[in-house]
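quick one, what's the 3D model for this:
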Amino acid sequence: MTTGQRIAAKRKERELSQESLGAELGVSRQTVYKWESDTSLPEIEKLVALSRLFQVPVGWLLGVEEVPEATEFSEDQLKLLEELLGRYQRAEQAELSQGQRAQVEALVGERLSGSQRPRRRWPWALAALAVVWAGWSVFSRLDRMDGQYNSLANSVNNVSHSVNAQVGSIASRVEEILKAQNDLTADYATQLVSADLAENTVRFSLRAVPKTYTPGMSVVFLADSGGEVREMEAAEEENGTFTGEMVCPLTDSITLSAVFVTGNTRQTQLLDQYQGLYQDSFPQVEPMDLSSMMYSERGKNGRFTLPEGYITVGGEGASVPAVNEALGVSRLREVRVGLFHNFQLVSWLEPCEKPDSFEGFAGQDFYRLDPMELDLAEGDDLAFAAVITDEYGRRWVSPSIPEYQVRDGEILWPEESVVYQKNTLADWGLE
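Alright, predicted model coming up:
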């Protein structure tokens, strides 16, 4: 499993949506989506936060460490636990030992020896004192336990703060070392300046300072948008710095590089990579599968019968503000939800009103899956996905995660999900 798949699996175990997990960690849903689709890795402090939330080691999230198995208690440990439990149960029932009962009777006898009160009131006094003593004993133990817990919690917090500080320091040092080891540049920087969503382009500013400057050297900046490579010659400043701004197509993978040219020698240096910008420029739309096809079995006719079901889609009003102000976010024009077999369209679902049997789901649009029969083979995939069209006619696909898979004659979740990697129209056979 990849890091993204591990995060997605633990999120689903806790029944959290991507938006809910993002809120827990102080990031957007799209950031969580990038983690789960392995287009980016969480920052170190976010990895620490995820390990705390999911109660797993950071190494397990990164795939370099296994989760320790739960330790089983030995017979002696079980007997000790049973004895401790019995003690607390007896304390709660306010039972006194023979010695404690004798002490209480003697104390009451002294107090009432000269009294005119009838002896028949002794049992009431004994009972009252017994309850007081038992209550004091229980609360005293609870106070001690509470104090021990607070002490332990403070110790854990101190250790956590210390670890976080050390992790942050190490991360900064690693970043500095990697940048220093960049053997072609003494310094460099890139920045997203603006976006033209109507034209589906982005503008970057770039700067590169060669580690070894040679008179007559020139620099060419490259922008690879995954299929189209654009280049521009950088302007040389007086201090040996090369700068420039360039426009390239907006995609989910943009790589910026600098080519240092000296005579007939060309040396290329990677400057930066931008992932997920295209999908970040759309409003957040996350379909939620409320269908009941899970565990459907193959019928006697060899086909699967899919029952009526519903898919909800969060509208534009449910989206969070853009994480990158320079990029911006377009507005929705249309959302269509489809059922796909092996990532090929089976049918579009019809928009509908919220059924009376559903409560909540404020701001959600409902789509109905009509009952149908499908001929599915072992290993076939079924998935729901929302196809989004924005105000500029650009389209993007947001799948419901995870997909379904036919295994052992049933419709189940797959052992390893791949649907999160599919966001283009071509991935879903729509172009």
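
which of the three states applies to the closest residue to residue 311 other than its chain neighbours?
Excluding its sequence neighbours, the residue lying closest to residue 311 (C-beta to C-beta, 6 or more residues apart in numbering) is residue 367, at 4.6 Å. Where C-beta positions appear, they are placed from N, C-alpha and C, glycine not excepted. Under DSSP: H, G, I helix; E, B strand; the rest coil, the three-state class of residue 367 is strand.

any figure for the gap between residue 367 and residue 341?
Distance, residue 367 to residue 341, using C-beta to C-beta, to the nearest Å: 17 Å.

okay, those two: which has more neighbours?
Neighbours per residue (other C-beta atoms under 10 Å) separate residue 367 from residue 341, with residue 367 holding more: 23 against 16.

hmm, that one is touching residue 349, no?
Yes. Residue 367 lies in contact with residue 349 (C-beta atoms under 8 Å); the separation is 3.9 Å.

any shared contact partners between those two?
Counting by C-beta atoms under 8 Å, 6 or more residues apart in numbering, the residues touching both residue 367 and residue 349 are 311, 337.

circling back to that earlier point, and the residue nearest to residue 311, bridged to which residues?
Beta-bridge partners of residue 367, counted by DSSP bridges, are residue 311, residue 351.

contact partners for it?
Here residue 367 is in contact with 310, 311, 312, 313, 337, 349, 350, 351, 352 (C-beta under 8 Å, 6+ apart).

repeat that for residue 421.
By C-beta under 8 Å, 6+ apart, the residues touching residue 421 are 37, 38, 427.

switch the cut-off to 7 Å
Counting by C-beta atoms under 7 Å, 6 or more residues apart in numbering, residue 421 makes contact with residue 37.

from residue 2, how far out is it?
Remark: distance between residue 421 and residue 2 (C-beta to C-beta) = 10 Å.

overlap in contacts of the two?
Common neighbours of residue 421 and residue 2 are not found (criterion: C-beta under 7 Å, 6+ apart).

looking at the protein, which helix or strand is least sure?
Ranking every helix and strand in the chain by mean pLDDT, DSSP states H and E puts helix 98-112 at the bottom, with a mean of 50.

strands of the stretch 201-350 of the chain, start to end?
For the stretch 201-350 of the chain, applying DSSP state E, counting those that start in this stretch gives strands covering 201-210, 218-224, 229-233, 235-236, 242-249, 253-262, 265-275, 287-289, 304-306, 309-314, 332-341, 344-348, 350-352.

partner strands of the fourth one and their direction?
Pointing back at strand 235-236 there. strand 242-249 (antiparallel).

show me where pLDDT drops low in the stretch 101-250 of the chain?
By pLDDT under 70, the low-scoring segments of the stretch 101-250 of the chain are 101-182.

how about 90 then?
101-184, 212-215, 227, 238-240 (pLDDT under 90).

how's the protein carved up into domains?
Domains of the chain are assigned by automatic domain parsing as 3-70, 185-276, 281-428.

start to end distance for the second one?
Across its full length, domain 185-276 reaches 26 Å end to end, with C-alpha to C-alpha, to the nearest Å as the criterion.

what's around residue 382, how many residues?
With other C-beta under 10 Å as criterion, residue 382 counts 22.

give me the pLDDT for the residue lying closest to it once chain neighbours are set aside.
The shortest distance from residue 382 to any non-neighbouring residue, by C-beta to C-beta, 6+ apart, is to residue 404 (4.3 Å). For residue 404, the pLDDT comes out at 95.

and residue 334, what does it touch?
Contacts of residue 334 by C-beta under 7 Å, 6+ apart are residue 389.

cutoff 10 Å now
387, 388, 389, 390, 391, 393, 395 (C-beta atoms under 10 Å, 6 or more residues apart in numbering).

report the contact partners of the third one.
This means residue 389. Contact partners of residue 389, counting by C-beta under 10 Å, 6+ apart, are 282, 330, 332, 333, 334, 335, 336, 395, 396.

ok, what's across the strand from the closest residue to residue 39 other than its chain neighbours?
The shortest distance from residue 39 to any non-neighbouring residue, by C-beta to C-beta, 6+ apart, is to residue 275 (4.6 Å). Assessed by DSSP bridges, residue 275 has beta-bridge partners residue 253.

state the distance from residue 275 to residue 255.
Residue 275 is 10 Å from residue 255, by C-beta to C-beta.

repeat that for residue 64.
Distance of residue 64 to residue 255, given as C-beta to C-beta: 27 Å.

out of those two, which sits in the busier spot?
Neighbour totals were compared for residue 64 and residue 255, and residue 255 leads with 17 against 10 (other C-beta under 10 Å).

and that one, what's its pLDDT?
pLDDT, read off for residue 255, is 96.

partners of the spatially closest residue to it that is not a sequence neighbour in the sheet?
Using C-beta to C-beta, 6+ apart and skipping the chain neighbours, the partner closest in space to residue 255 is residue 224 (4.4 Å). Applying DSSP bridges to residue 224 gives these bridge partners: residue 229, residue 255.

thinking again about what came up before, filter the contacts of residue 389 down to the buried ones.
Buried members of the contacts of residue 389, counted by 16 or more other C-beta atoms under 10 Å: 282, 330, 332, 335, 336, 395, 396.

against residue 431, how distant is the closest residue to the fifth one other than its chain neighbours?
Spelled out, it's residue 336. In space, and not counting its chain neighbours, residue 336 is closest to residue 387: 4.8 Å by C-beta to C-beta, 6+ apart. Taking C-beta to C-beta as the measure, residue 387 and residue 431 are separated by 11 Å.

same question, residue 10
Residue 10 sits 34 Å away from residue 431, going by C-beta to C-beta.

between the two, who's got more neighbours?
Just comparing residue 10 and residue 431: by other C-beta under 10 Å the higher neighbour count belongs to residue 10, 19 against 8.

and what about the more buried one, helix, strand or coil?
Under three-state DSSP, residue 10 comes out as helix.

run a quick neighbour tally on the closest residue in space to it that isn't next to it in sequence.
Distances taken as C-beta to C-beta, 6+ apart place residue 54 nearest to residue 10, at 4.1 Å, with adjacent residues excluded. The tally of other residues near residue 54 (other C-beta under 10 Å) stands at 19.

is residue 54 in contact with residue 14, as I believe?
Yes. Residue 54 is within contact range of residue 14, at 7.4 Å (criterion: C-beta atoms under 10 Å).

which neighbours do those two share?
residue 21.

rewinding a little: what's the spacing between the residue nearest to residue 39 and residue 423?
Going from residue 275 to residue 423 by C-beta to C-beta gives 12 Å.

over to residue 270?
Separation of residue 270 from residue 423 (C-beta to C-beta) stands at 24 Å.

cool, residue 282 as well?
10 Å.

equivalent analysis for residue 40, please.
Distance of residue 40 to residue 423, given as C-beta to C-beta: 14 Å.
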